[in-house]
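Asks: Make a model of this:
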Amino acid sequence: MIPTPQALHIRTPDGIEFSMPLAGITSRSLAWVIDAAFTLVLSTGLAVLISVFALATPALAQALGILAFFLLQVGYGMAFELFWRGQTPGKRALGLRVADAQGLRLTPSQVVLRNLLRPVDSLPIAYLVGGLAILGSRHAQRLGDLAAGTVVTRAQRPFPLAYATVADTGPNSLRAFPHLAARLRQRVPPTEAAAALAALVRRDRLTPAARLDLFEAMAMHFRSLVPFPPEAVESLTDEAYVRAVVDLLHRPTLTGSGAQAFPRSGPGPSEPTEPAAPSS
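Replies: Numbers count the residues shown, from 1 in each chain. I've put the predicted structure just below:
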């Protein structure tokens, strides 16, 4: 029986804990099959173009074909993960996402490195090396993930219990600017959304000084991502601002608006810890 990886538990320097459920080899293999189908279609199109070019210069066409095949195999995942925030078509179809193993923002260098090592993981055939690395790794990481410091996470269903403990039933001034709210949802990674929710859930467990410092830092960070008009935020304290941001990030997942569902944070005051359930 193929083992199911555990969730990756992360504790921030501010004492906020949350978890990212890890994808197993089965779901990653299915995502790889979907992506392989896409690359096969693209490879077929390239082969047709190169075969036409080969009528004039066969040797050069052969060299270009080898280079194009390599760039397609590596560049496909690299391009999609860079511009789709850690997802390829296969990962998106299976609800998977590449994330930083420390819960930080995924960087372009990490995406490039994990994809450069993809040919090694694919050896000798059908990602045997990568599959064995996933099975033997504590956090289900192939060699590219280990080198880049990344993991592949599973999307998790919305968590109304944690959100309900901090939901603001009053008006949210940030919602008056839907285009800015949408931009904020695009720019805040799942780990930061989960950490902000966890901070609000656990706010009463912090000392007054720690509470002020934590929400001041979080509010400053979110304000730097998307500046809302002064009239929308001037009356909000740092904690109220973070609450408004969390409302934008998490409430859409509960109303079925099609916005992105973020990974689950650590358990709220009234909820139990929930376990998490060739390589992509």
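
Asks: quick one, what contacts residue 100?
Replies: 106, 107, 110, 149, 150, 151, 191 (CB atoms under 8 Å, 6 or more residues apart in numbering). Just so you know, the C-beta spots here come from the backbone N, C-alpha and C atoms, and that holds for glycine as well.

Asks: residue boundaries of the helices in the stretch 1-150 of the chain?
Replies: With helices called from DSSP state H, counting those that start in this stretch, the stretch 1-150 of the chain shows them at 25-54, 58-83, 89-94, 108-116, 118-121, 128-136, 143-148.

Asks: Can you lay out these as TSV showing mean neighbour count, mean pLDDT and distance to residue 221?
Replies: TSV is the format used below for these (neighbours: other CB atoms under 10 Å; pLDDT from 0 to 100; distance: least, CB to CB, whole Å):
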stretch	mean neighbour count	mean pLDDT	distance to residue 221
helix 25-54	16	90	31
helix 58-83	15	88	22
helix 89-94	20	92	27
helix 108-116	18	95	20
helix 118-121	17	92	33
helix 128-136	19	93	33
helix 143-148	21	96	24
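
Asks: Need those in JSON lines (columns: distance to residue 209).
Replies: Output for the helices of the stretch 1-150 of the chain, formatted as JSON lines (distance: least, CB to CB, whole Å):
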{"stretch": "helix 25-54", "distance to residue 209": "43"}
{"stretch": "helix 58-83", "distance to residue 209": "40"}
{"stretch": "helix 89-94", "distance to residue 209": "42"}
{"stretch": "helix 108-116", "distance to residue 209": "35"}
{"stretch": "helix 118-121", "distance to residue 209": "47"}
{"stretch": "helix 128-136", "distance to residue 209": "43"}
{"stretch": "helix 143-148", "distance to residue 209": "37"}
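
Asks: Which of those helices sits closest to residue 208?
Replies: Nearest of the helices of the stretch 1-150 of the chain to residue 208, taken as CB to CB: helix 108-116 at 37.3 Å.

Asks: Which residues does that closest one contact?
Replies: 74-75, 77-78, 81-82, 86, 98, 100, 144-145, 147-150.

Asks: how about a cut-off of 6 Å?
Replies: For helix 108-116, contacts defined as CB atoms under 6 Å, 6 or more residues apart in numbering pick out 74, 77, 78, 81, 82, 144, 145, 147, 148, 150.

Asks: Mind putting those residues into CSV with distance to residue 181?
Replies: Putting the contacts of helix 108-116 into CSV (distance: CB to CB, whole Å) gives the following:
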residue, distance to residue 181
74, 36
77, 30
78, 30
81, 25
82, 24
144, 35
145, 33
147, 37
148, 32
150, 29
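
Asks: Just flag the most distant two among these.
Replies: Maximum pairwise distance in the contacts of helix 108-116, criterion CB to CB, is 17.1 Å, between 82 and 147.

Asks: okay, the most far-flung residue of the chain relative to its centre: pLDDT?
Replies: Within the chain, residue 56 marks the point farthest from the mean C-alpha position, 45.5 Å out by CA atoms, centre = their mean. pLDDT for residue 56: 81.

Asks: Please apply the same query to residue 158.
Replies: With respect to pLDDT, residue 158 scores 45.

Asks: ditto for the one 5 residues further on
Replies: On the pLDDT scale, residue 163 is placed at 60.

Asks: which residue packs closest to residue 152, ignoring adjacent ones?
Replies: In this structure, residue 152 finds its nearest non-sequential neighbour in residue 23, 4.4 Å apart by CB to CB, 6 or more residues apart in numbering.

Asks: my read: that neighbour touches residue 155, true?
Replies: No. In this structure, residue 23 is not within contact of residue 155 by CB atoms under 6 Å, at 9.4 Å.
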